[in-house]
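Student: What shape does this take:
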Amino acid sequence: MPSKASDDFNIIIVGAGPSGLLLALLLAKQSIKVTILERSHEIDKQPRASFYSEPARHEFRRAGIMDDVKSKAFLASGVSWRHIDGTYICGIHSEGLPDDMRQVSLPLDELLPLIASHLEKYPSAEILLNHEVTGIGQDDKHAWVDVKTPDGEKKFSATYIIGCDGGNSKIRRELFGPGNFPGKTWDKQIVATNVYYPRLKEFNWTTSSNFMIDPKHFSMIAQISNDGMLRATYAEEGNLTREEMLVRQPEKYKAFVPGAPEPSEYKMVNFSPYKIHQRCAEKLRVGKFLLAADAAHLCNPFGGMGLTGGFADVGGLYDCLYGIYSGQADDSILDKYDEIRREKYWKVIDPISSGNIMRLWDPSPEAIGNDDFFNLLKKAEADKTGKMSRDMALGANTVMHDFTQYYRTKPAES
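Tutor: Predicted coordinates:
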């Protein structure tokens, strides 16, 4: 049970993206007062794709939304790696796995309102739109943010403030300066598109997600919804403007989409170019301020480690904050959060995600034949027991960490 000292315990989360909303829901379920400040006038409506492996599903179950996610989500059939002409190399086939071990996909324009609808059930939680953070401060008891609101400038204070405000995080920039985000930016850009292309069925690909290996046109095509919407993500030159990339898009599709389709053969519903990074903040805790998900670290999108790592942050941070609130931990547990989540980035997320993109650049027989990951996939495909496939399906769990092990054996005396 919470101690008397927790009566005025409250949390501010900056950013109403998937990680901010999920963290708020986990906290609100424990009757913790939580306020989300979102600078936009609405929850993001971009239908960006999201594949959810076990670390995400674990947090969805704890938040009480997994049944609703499953009722709407597309159940993936596996992942393949192919040459640019579509020739199969190797893959992970998930049809034989239990449903709870298969990746599910639900575009964010469906997931975000789903989480928000659950959050509305809890009187201790609120989402404030049109609230833009302009400055921050803290003392030994509270942290605060200066906020531009529809009613003028206001100050909001909390026991802790969490930056879940994306790769261009205002909270991170205020804490460390605008140019301080250790890591690197790739010398390439990525264009993420959502598209309907019915002809893809003609090619009888046996997996719903497919990576194409090519030094110029490396890409990914994946079904992300039950109505057949695809996420087609592809490489572009690093110095092009959005307008230049949009002009080039039809020819890029012809280079990597099966059937070299003309624009009349597909319906593109989303076009989002962005630079790709491998970066992690120098600290995820500065006093009463904490960072999570994209505000804390970024990686390229090939393999889903960014979203997976963000949800693992959220689950760990929830356990830390609940431990403090309930008197089962003191705030030194947040130093553990800072230390371990950064370690998970540099030892798990960064090397895996970097490997995922770099293996898409070289289609030579030597590179493919010497790739340890590809060789492991081929062994798993040959394993008739299915054990290797099941073990690989749970491989993403390495990004998780149980912070409740740092709780005291008994709640603190009030």
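Student: So which other helices or strands are in contact with the helix or strand containing residue 312?
Tutor: Here residue 312 sits within helix 305-325, counting by DSSP states H and E. If you count contacts as 3 or more CB pairs under 8 Å, 6 or more residues apart in numbering; DSSP states H and E, helix 305-325 packs onto helix 18-28, strand 51-52, helix 54-63, helix 333-344, helix 350-358. Every residue, glycine included, has its C-beta placed from N, CA and C.
Student: and the ones you listed as JSON lines, adding distance to residue 367, mean pLDDT and mean neighbour count?
Tutor: Formatted as JSON lines, those follow (distance: least, CB to CB, whole Å; pLDDT from 0 to 100; neighbours: other CB atoms under 10 Å):
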{"stretch": "helix 18-28", "distance to residue 367": "35", "mean pLDDT": "98", "mean neighbour count": "27"}
{"stretch": "strand 51-52", "distance to residue 367": "25", "mean pLDDT": "90", "mean neighbour count": "24"}
{"stretch": "helix 54-63", "distance to residue 367": "29", "mean pLDDT": "95", "mean neighbour count": "21"}
{"stretch": "helix 333-344", "distance to residue 367": "28", "mean pLDDT": "98", "mean neighbour count": "19"}
{"stretch": "helix 350-358", "distance to residue 367": "10", "mean pLDDT": "96", "mean neighbour count": "19"}
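Student: out of these, which comes closest to residue 315?
Tutor: Ranking the helices and strands packed on helix 305-325 by proximity to residue 315 (CB to CB) places helix 54-63 first, at 4.6 Å.
Student: what's in contact with that closest one?
Tutor: The contact list for helix 54-63, computed with CB atoms under 8 Å, 6 or more residues apart in numbering, reads 22, 25-26, 29, 52, 66, 69, 100-101, 104, 115, 118, 307-308, 311-312, 314-315, 318, 393-394, 396-397, 399-400.
Student: what about residue 273, neighbour count?
Tutor: By other CB atoms under 10 Å, 18 other residues sit near residue 273.
Student: ditto for the one 10 residues further on
Tutor: Neighbour count for residue 283, taken as other CB under 10 Å: 17.
Student: Excluding residues flanking it in the chain, which one is nearest it?
Tutor: residue 338 (5.8 Å; CB to CB, 6 or more residues apart in numbering).
Student: what sits against the one you found?
Tutor: 283-285, 290.
Student: Ranking by neighbours, what's the top pick from these?
Tutor: residue 290 (29 neighbours).
Student: so who does it touch?
Tutor: Per CB under 8 Å, 6+ apart, neighbours of residue 290: 160-163, 284, 317, 334, 337-338.
Student: so how far is residue 27 from it?
Tutor: Distance of residue 290 to residue 27, given as CB to CB, to the nearest Å: 13 Å.
Student: any idea how far residue 396 is from the most centrally placed residue in the chain?
Tutor: By CA atoms, centre = their mean, the chain has its centre lying nearest to residue 307, at 1.2 Å. As for residue 307, its distance to residue 396 is 11 Å (criterion: CB to CB).
Student: Do you have the strands of the stretch 201-350 of the chain handy? List them.
Tutor: 209-213, 219-223, 230-237, 267-280, 285-286, 289-291, 297-298 (DSSP state E, counting those that start in this stretch).
Student: can I get the ones you listed in JSON lines with distance to residue 36 and mean pLDDT?
Tutor: Below are these laid out as JSON lines (distance: least, CB to CB, whole Å; pLDDT from 0 to 100):
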{"stretch": "strand 209-213", "distance to residue 36": "31", "mean pLDDT": "97"}
{"stretch": "strand 219-223", "distance to residue 36": "30", "mean pLDDT": "96"}
{"stretch": "strand 230-237", "distance to residue 36": "27", "mean pLDDT": "95"}
{"stretch": "strand 267-280", "distance to residue 36": "23", "mean pLDDT": "95"}
{"stretch": "strand 285-286", "distance to residue 36": "20", "mean pLDDT": "98"}
{"stretch": "strand 289-291", "distance to residue 36": "15", "mean pLDDT": "98"}
{"stretch": "strand 297-298", "distance to residue 36": "21", "mean pLDDT": "98"}
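Student: Go ahead and confirm residue 376 touches residue 392.
Tutor: Yes: judged on CB atoms under 8 Å, residue 376 makes contact with residue 392 at a distance of 7.5 Å.
Student: got any ranges where the protein has weak pLDDT?
Tutor: Where the chain drops to pLDDT under 70, the residues are 1-7, 47, 409-414.
Student: if we go to 90?
Tutor: Scanning the chain with the threshold set as pLDDT under 90 gives 1-7, 44-51, 92-103, 238, 303-304, 380-397, 409-414.
Student: And the helices in it, which stretches?
Tutor: Assigned by DSSP state H, the chain shows helices spanning 18-28, 54-63, 66-72, 108-119, 170-176, 242-256, 305-325, 333-344, 350-358, 365-369, 372-382, 387-393.
Student: which one of those helices lies closest to residue 183?
Tutor: The closest of the helices of the chain to residue 183 is helix 350-358. By CB to CB, the value is 7.8 Å.
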